[in-house]
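[1] sequence and predicted structure, then a few things I'm wondering about:
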Amino acid sequence: MKRMSNQHKSHVLKWKQSGLSMKQYCREHGISYWSFRDWKKMTESDTFQNSTGFVELPVVIKNQHKEYEPVEIILKNGLRIIVKENSATCRLKEIISILEGLS
């Protein structure tokens with residue numbers, strides 16, 4: 001089997017970390033998609049052949065910190081509205097306006 005250059009391996013690793021599709025990565029780096037696909041296959045077979053039982057997997061850690069805390073709105077008539085998630089400001093204004101009109 002043909003061996004890969006370190007540059008090809010480096011591109012495959014950078015692609016895995018980029019979050020881009022293979023086509024997007026190739027377009028941005030001026031690489032032939034079909035060649036890159038071959039490099040990826042060779043990398044996978046190298047990983048299998050040289051394996052010690054562990055396979056490196058790309059990991060994406062999503063931010064678990066909630067950007068928005070619940071908001072409690074208390075209207076003049078004592079009505080309480082609790083918004084648990086981020087909502088569109090214009091939609092909230094509309095709801096508050098309608099509820100205030102009911103009092």
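    Alright, I've got the coordinates.
[2] average pLDDT for the longest helix belonging to the chain?
    In the chain, with assignment by DSSP state H, the single longest helix is helix 33-49. The pLDDT scores in helix 33-49 average 79.
[3] distance check, His11 against Ile82.
    50 Å (Cβ to Cβ, to the nearest Å). The way it works is simple: take the backbone N, C-alpha and C, and place the C-beta from them, glycine included.
[4] swap in Lys41?
    53 Å.
[5] outline the domain layout of the chain.
    6-49, 71-102 (automatic domain parsing).
[6] looking at His11 and Ile82, which is more packed in?
    Using other Cβ atoms under 10 Å as the criterion, His11 and Ile82 rank with His11 on top: 21 against 9.
[7] find the helix or strand that the more buried one is a member of.
    Assigned by DSSP states H and E, His11 belongs to helix 6-18.
[8] report all helices and strands that that helix contacts.
    Where contact means 3 or more Cβ pairs under 8 Å, 6 or more residues apart in numbering; DSSP states H and E, helix 6-18 is packed against helix 22-29, helix 33-49.
[9] what's downstream of the longest one, the next helix or strand?
    Just to be clear, that refers to helix 33-49. strand 71-74.
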